[in-house]
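# Sequence first, predicted coordinates after that:
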Amino acid sequence: MGDADSLVGKVIEVKGGLGLTGSNALSRVCAPGECCHSLRFGMVLEGREVLFFPSLTCAGDDSKVCCSMPAEGQVVMAHGKLERAKGPGIVKWQIRNPTLCVPGTPPPPSPGMTNIPSPAAVEP
């Protein structure tokens, strides 16, 4: 994303592996046997540069962590408006509300819209 500065505010589509950021642990003094630590992870697209998705997260505690979607390194296409990442850290870019698709599959329809197959996909 060498020319990312010129793309800020524009809708882009990029491909890469979906992964997790490091955890942000919030803890307090727990009673014996109680699980009260809170863990939060962010989701990122790994490529030449890391692209952060603030709306996709994982949260949980020592017993389990739940994610808004699986992030196991699978290759996805991310579509959305490019922004500069907020806050400190090594991640410079983000897409706030991305649409993620597995390459080779059509994107989901927009709310209130229906996917219509292309004429080549319709059998006579």
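Happy to help now that I have it.
# can you pull the contacts of the nearest residue to residue 103 once chain neighbours are set aside?
Nearest non-adjacent residue to residue 103, counting by CB to CB, 6 or more residues apart in numbering: residue 77, 5.5 Å away. Every C-beta, even on glycine, is put in place using the N, C-alpha and C of the backbone. Residue 77 sits next to 13, 14, 15, 100, 101, 102, 103 when contact means CB atoms under 8 Å, 6 or more residues apart in numbering.
# Break down this structure into its strands, ranges please.
For the chain, the strands defined by DSSP state E occupy 11-20, 24-26, 38-46, 51-60, 65-67, 75-84, 93-95, 99-101.
# which of the ones you listed is buried the deepest?
Highest mean neighbour count among the strands of the chain (mean count of other CB atoms under 10 Å): strand 93-95, with a mean of 23.
# Run through who's touching that strand.
The contact list for strand 93-95 (CB under 8 Å, 6+ apart) reads 1, 4, 12, 49-54, 78, 80-86.
# Can you get me a residue count around residue 103?
With neighbours defined by other CB atoms under 10 Å, the count for residue 103 comes to 9.
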